[in-house]
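Enquirer: Give me a model of this one.
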Amino acid sequence: MMEGWKQVKLAEYYKIHSGLSKSAEEFGFGYPFLSFSDIFWNYFAPNELTQLVNSSEKEQLSCSVKKGDVFLTRTSETVEELGMSCVALKDYPKATFNGFAKRLRPKNDKDLEPKFIGFYLRSPQFRAEITAYSTLTTRASLNNGIIGRLRINLPPLPTQRKIAQILSAYDDLIENNLKRIKLLEEMAQKTYEEWFIRFKFPKHENAVFDKESGLPEGWKKKSITNFSSFKQDKSKLKPFINTKIYFATADVDETKITSKGEIITWKNKPSRAQIKPNRNTVWFARMSNTYKVLCFNNKNIELQNNSVLSSGFAGFKATNDLCLPFLYFTINSSFFHEMKNIYATGATQVSLNNESMRFMITPEPTIEIIEKYGIKTLPLIEEISVLVNQNQHLKEARDILLPRLMTGTIDVEKIELKL
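Expert: The predicted model follows:
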């Protein structure tokens, strides 16, 4: 460890507090809420908290979310998922946080740089601390005593700030790429709505509309399982490690799949007969409360996993490259999600099965119009893939640097920010 660094216990610098526990009917309205998933998936708290809870003034005061606060997931099914951290970089008025997490509030924020702490708590060094101190019975869990004994390597405040600056430079580039991805996605989405919902496709002025169906000539209402532009893919997909079920452009090879800019390496390769996801396939989560698709690819791939077959996901395969954009935005349309909620079945977990998808009736345009849409929007999707790959390389570079910075192995004063 470099000169000036010290190893300290979290209890020396933080006060530990439990989160807000509420019944299910208290969610969905009220005031901002830092959820378990917000904490689990983010180094830093999202700029806006989209989840709501019916919290009182007393609860908001007790379970508040302020700049510099650290949040750790206190319970999980496995040790690997335990103690995932998230740091607030600003105050969140009237917000509260999840009861399955612990809040660590700085005793003296003059000694700590929040961004440095956010990066450190995701480093291999701290993850090793979590593994060493966690208790595992039927569930992995962390109590106040264990959390207080967890150690971190703390450099002088100027060094903390320099390390945070170095690592944040990578995140800033990643964030800029994500903004560009969002804009590209919105451009393709708006064109989809213009052509296929408002019927303002090229030369629509000359189109003949069927009086009975109200659709342009050549368009037909049919089950999405019977479209000629795409068909159901019977392959099932389940990631080996935790992955957000979120929008992702998947650019993959035999061992990797990109999900929201993150490469997953699959383990224990199955036989070829087990799973062969096809080219131009869009996978989506069957659960009715899950947002958007998992991923899509435009290559022939083989995924590697020790548990590849799962009923949690389903897929459709586009007839050709040019049909892929239409398929993707059809699966992401509001119609599709409304129909998922209507036809999904199940008692403990509501999901969409193959049989119920037959009842999802929607117009299918002519192949000619679909392929024209593909010609217009496929370049946008390909640009998204490039940006996703750039983000992956940036994350890999940051993650290689992270443990070296957090152990003081590298003298940060010698690092120049050239990204």
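Enquirer: Sketch out the low-pLDDT regions of the chain for me.
Expert: Counting by pLDDT under 70, the ranges of the chain that qualify are 1, 135-139, 234-279, 283, 285-313, 334-335, 337, 340, 346-350, 414-419.
Enquirer: And it, what are its domain boundaries?
Expert: Domain ranges of the chain: 6-154, 177-392, per automatic domain parsing.
Enquirer: Give me the longest strand you can find in the protein.
Expert: Ranked by residue count, the top strand of the chain under DSSP state E comes out as strand 27-34.
Enquirer: May I see the buried residues of that one?
Expert: Residues of strand 27-34 classed as buried by neighbour count (16 or more other C-beta atoms under 10 Å): Gly30, Tyr31, Pro32, Phe33, Leu34. Every C-beta, even on glycine, is put in place using the N, C-alpha and C of the backbone.
Enquirer: returning to what we had before: nearest to Thr407, of the domains of the chain?
Expert: The stretch from these with the least distance to Thr407 (C-beta to C-beta) is domain 6-154; that distance is 6.4 Å.
Enquirer: Quick check: end-to-end length of that closest one?
Expert: End-to-end distance for domain 6-154, by C-alpha to C-alpha, to the nearest Å: 5 Å.
Enquirer: same question, stretch 193-207
Expert: Terminal residues of stretch 193-207 lie 17 Å apart, using C-alpha to C-alpha.
Enquirer: Distance-wise, check Val70 relative to Ser85.
Expert: Distance of Val70 to Ser85, computed by C-beta to C-beta, to the nearest Å: 6 Å.
Enquirer: anything in contact with each of these two?
Expert: Counting by C-beta atoms under 8 Å, 6 or more residues apart in numbering, the residues touching both Val70 and Ser85 are Gly118, Leu121.
Enquirer: Given the longest strand of the chain, what are its sheet partners and their directions?
Expert: In its sheet, strand 27-34 lies beside strand 51-53 (antiparallel), strand 96-97 (parallel), with partners assigned from DSSP bridges.
Enquirer: Which residues outside whichever helix or strand comes after the longest one are in contact with it?
Expert: Same thing as strand 51-53. Next in sequence after strand 51-53, counting helices and strands by DSSP states H and E, comes helix 57-62. Helix 57-62 is contacted from outside by His17, Leu20, Tyr31, Lys94, Ala95, Thr96, using C-beta under 8 Å, 6+ apart.
Enquirer: hang on, isn't Ala95 packed against Leu34?
Expert: Yes: counting by C-beta atoms under 8 Å, Leu34 is a contact partner of Ala95 at 6.2 Å.
Enquirer: Mutual contacts of those two, please.
Expert: Looking at what touches both Ala95 and Leu34 (by C-beta under 8 Å, 6+ apart), the common residues are Leu49, Val65.
Enquirer: Please, where are all the strands along the stretch 251-400 of the chain?
Expert: 256-259, 262-265, 281-285, 293-296, 313-318, 361-364 (DSSP state E, counting those that start in this stretch).
Enquirer: Would you map the helices across this protein?
Expert: Remark: helices of the chain, listed N- to C-terminal, are 10-13, 36-41, 57-62, 114-120, 124-133, 144-149, 157-196, 324-331, 334-343, 354-357, 367-406; assignment by DSSP state H.
Enquirer: residues touching Ile117, list them.
Expert: Contacts of Ile117 were listed using C-beta under 8 Å, 6+ apart, and they are Val70, Val87, Ile152.
Enquirer: Closest one of those residues to Thr225?
Expert: If you rank the contacts of Ile117 by distance to Thr225 using C-beta to C-beta, Val87 comes first, at 45.4 Å.
Enquirer: Could you find the closest non-adjacent residue to that closest one?
Expert: What sits nearest to Val87 in space, not counting adjacent residues and going by C-beta to C-beta, 6 or more residues apart in numbering, is Gly118, at 3.7 Å.
Enquirer: shouldn't the one you found be in contact with Phe44?
Expert: Yes: applying C-beta under 8 Å as the test, Gly118 and Phe44 come out as touching, 5.2 Å apart.
Enquirer: shared neighbours of those two, which are they?
Expert: Taking C-beta under 8 Å, 6+ apart as the contact rule, Gly118 and Phe44 both touch Cys86, Val87, Leu89.
Enquirer: Save the residues you listed as TSV, and put in distance to Val282 too.
Expert: Compiled in TSV, the shared contacts of Gly118 and Phe44 are given as follows (distance: C-beta to C-beta, whole Å):
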residue	distance to Val282
Cys86	30
Val87	35
Leu89	35
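Enquirer: Which among the residues you listed count as buried?
Expert: When the shared contacts of Gly118 and Phe44 are checked against 16+ other C-beta under 10 Å, the ones flagged as buried are Cys86, Val87.
Enquirer: among the shared contacts of Gly118 and Phe44, which are in strands?
Expert: Residues from the shared contacts of Gly118 and Phe44 lying in strands, with DSSP E as the criterion: Cys86, Val87.
Enquirer: from the shared contacts of Gly118 and Phe44, which is closest to Asp233?
Expert: Of all the shared contacts of Gly118 and Phe44, Cys86 has the smallest distance to Asp233: 35.1 Å, by C-beta to C-beta.
Enquirer: Please tell me how far Pro158 sits from Ala164.
Expert: For Pro158, the distance to Ala164 - C-beta to C-beta - is 11 Å.
Enquirer: typo on my end, it should be Pro124
Expert: The separation that Pro124 has from Ala164, given C-beta to C-beta, amounts to 18 Å.
Enquirer: could you dump the helices of the chain to a markdown table with distance to Pro216?
Expert: Listed next are those as a markdown table, based on distance: least, C-beta to C-beta, whole Å:
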| stretch | distance to Pro216 |
| --- | --- |
| helix 10-13 | 64 |
| helix 36-41 | 42 |
| helix 57-62 | 53 |
| helix 114-120 | 52 |
| helix 124-133 | 56 |
| helix 144-149 | 62 |
| helix 157-196 | 10 |
| helix 324-331 | 15 |
| helix 334-343 | 17 |
| helix 354-357 | 25 |
| helix 367-406 | 8 |
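Enquirer: Looking at these, spot the one closest to Arg105.
Expert: Each of those has some distance to Arg105 by C-beta to C-beta; the shortest is helix 10-13, at 9.9 Å.
Enquirer: Which neighbouring elements make contact with that closest one?
Expert: On a contact count with 3 or more C-beta pairs under 8 Å, 6 or more residues apart in numbering; DSSP states H and E, helix 10-13 meets helix 144-149, strand 151-154.
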